[in-house]
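K.L.:
Give me coordinates for this.
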Amino acid sequence: MGSDLRGRVQVLAALVLPLFVSVAHAEIDGHGPDAWRVTGVAANDVLNARMGPGTSYPVIETFAHDERGLEEITCVPFYSPAHYMAMSEAEIAALPARWCLMRSADMTRAGWVAQRYLTADFGGDGDAAASPVPPAPTAGPQAWTSDALIDHARDLVAALYRHDDPALGRSPLAPDARDAFFSSDFVAALETRPPGADLLTGAQNFEGTVSAPKPDPDQPMFRGMITITVDVVNFGQAHTVVFRLRGDTTRPNAPLRIFRIEHDGWSFP
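P.N.:
Got it, this is the predicted structure:
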């Protein structure tokens with residue numbers, strides 16, 4: 001993926017992810033189920049949190065170099081996904097560096113930090129209790145409603161694209177991230193027969209656009225399976241990537257996970 005395009009897709013994901021709010025979480029605080037971690041800060045240093053969005057403001061707090069579970073309150077400059085996609089590359093390039101007002105997981109510290117030092121926190125070990133991405137249980141007494149699960153499925157696919165950034169050494173297929181996205185069977189397939197092409201774009205090389213994920217308009221959920229689609233244009237050729245999700249019954253409360261990805265003519269696993 002070209003660097004400019006990849007950045008644009010990632011920023012779009014950052015925009016759309018908070019909008020794909022799970023109903024359950026929205027009822028709590030009105031924001032999406034985001035959590036963030038500090039990145040790009042040396043182990044012997046800290047991330048300064050300032051009174052306002054810029055280095056001219058005084059430092060009022062600090063976050064550890066590896067701090068996790070940060071909550072994003074807002075970012076500037078602010079723009080909606082529709083505004084962002086309507087902007088030209090030149091207009092996007094002219095935007096000032098983004099700053100975000102962040103709050104610690106225990107809500108004792110808050111301040112503005114440069115967005116380049118933040119990355120989505122998906123919980124590295126796949127432990128539902130430790131993962132900031134809600135486990136979205138499909139079974140048990142806390143099972144989510146169908147509408148909430150569909151919202152979460154869209155969240156999860158958006159997060160999948162967001163986490164795909166080789167420049168930052170991030171991949172949703174990496175051992176520290178894949179359990180948060182994929183079913184146990186899918187993870188096992190990755191280990192025994194890795195796909196020959198990029199699962200997110202369907203190709204080995206990419207230069208084009210990726211749309212925001214959306215539920216299948218005709219049948220978003222059927223017998224517990226949720227279908228999310230993403231439209232990809234690669235070197236002028238358009239196709240639709242289909243993500244199938246359902247509860248992973250090998251895990252407690254069967255959390256929603258991706259169990260198959262389909263492209264034109266092939267699928268995985």
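K.L.:
Could you double-check that residue 139 lies in contact with residue 256?
P.N.:
No. Using CB atoms under 8 Å, residue 139 is not in contact with residue 256; the gap is 10.4 Å. Every residue, glycine included, has its C-beta placed from N, CA and C.
K.L.:
shared neighbours, the two?
P.N.:
residue 247 (CB atoms under 8 Å, 6 or more residues apart in numbering).
K.L.:
Can you pick out the residue with more neighbours from these two?
P.N.:
residue 256 (25 against 15; other CB atoms under 10 Å).
K.L.:
measure that one to residue 67 for me?
P.N.:
Between residue 256 and residue 67 the distance, using CB to CB, to the nearest Å, works out to 27 Å.
K.L.:
Same question for residue 96.
P.N.:
Note on residue 96: its distance to residue 67, by CB to CB, is 25 Å.
K.L.:
Compare those two and say which is more crowded by neighbours.
P.N.:
Set residue 96 next to residue 67 and count neighbours by other CB under 10 Å: residue 67 wins out with 20 against 9.
K.L.:
in terms of contact, does that one touch residue 35 like I think?
P.N.:
No. Counting by CB under 8 Å, residue 67 stays clear of residue 35, with 10.9 Å between them.
K.L.:
List the contacts of stretch 188-206.
P.N.:
Residues from elsewhere that reach stretch 188-206 (CB under 8 Å, 6+ apart): 1-2, 5, 160-161, 164, 172-173, 178, 182, 208, 210, 230, 232, 234-235, 239, 241, 261, 263-264, 266, 268-269.
K.L.:
Which of these are buried? Put it as a ChimeraX command.
P.N.:
Remark: buried members of the contacts of stretch 188-206, expressed as a ChimeraX selection using 16 or more other CB atoms under 10 Å:
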select :1,160,161,164,172,173,178,182,208,210,230,232,234,239,241,261,263,268,269
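K.L.:
Restricted to strands, list the contacts of stretch 188-206.
P.N.:
If you go by DSSP state E, the contacts of stretch 188-206 have 208, 210, 230, 232, 234, 239, 241, 261, 263, 266, 268 in strands.
K.L.:
Throw the residues you listed into JSON lines and include distance to residue 104, thanks.
P.N.:
JSON lines is the format used below for these (distance: CB to CB, whole Å):
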{"residue": "208", "distance to residue 104": "38"}
{"residue": "210", "distance to residue 104": "32"}
{"residue": "230", "distance to residue 104": "33"}
{"residue": "232", "distance to residue 104": "37"}
{"residue": "234", "distance to residue 104": "40"}
{"residue": "239", "distance to residue 104": "42"}
{"residue": "241", "distance to residue 104": "36"}
{"residue": "261", "distance to residue 104": "35"}
{"residue": "263", "distance to residue 104": "41"}
{"residue": "266", "distance to residue 104": "44"}
{"residue": "268", "distance to residue 104": "38"}
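K.L.:
would TSV of those residues with distance to residue 54 and pLDDT be doable?
P.N.:
Listed next are those as TSV, based on distance: CB to CB, whole Å; pLDDT from 0 to 100:
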residue	distance to residue 54	pLDDT
208	34	78
210	31	83
230	35	91
232	37	88
234	38	84
239	42	91
241	39	93
261	41	95
263	43	92
266	48	90
268	44	92
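K.L.:
Helices of the stretch 1-150 of the chain, start to end?
P.N.:
Assigned by DSSP state H, counting those that start in this stretch, the helices in the stretch 1-150 of the chain fall at 3-19, 23-29, 81-86, 89-93, 146-162.
K.L.:
Poorly predicted segments of the protein, please.
P.N.:
Along the chain, segments meeting pLDDT under 70 span 1-34, 80-82, 84-85, 89, 120-135, 167-168.
K.L.:
one more time with 80
P.N.:
1-35, 39-40, 43, 79-94, 116, 118-136, 141-143, 162-170, 176, 204-208 (pLDDT under 80).
K.L.:
Can you tell me which residue is spatially central in it?
P.N.:
Geometric centre of the chain, nearest residue: residue 159, 1.7 Å, by CA atoms, centre = their mean.
K.L.:
Surely that one and residue 153 touch.
P.N.:
No. Using CB under 8 Å, residue 159 is not in contact with residue 153; the gap is 10.8 Å.
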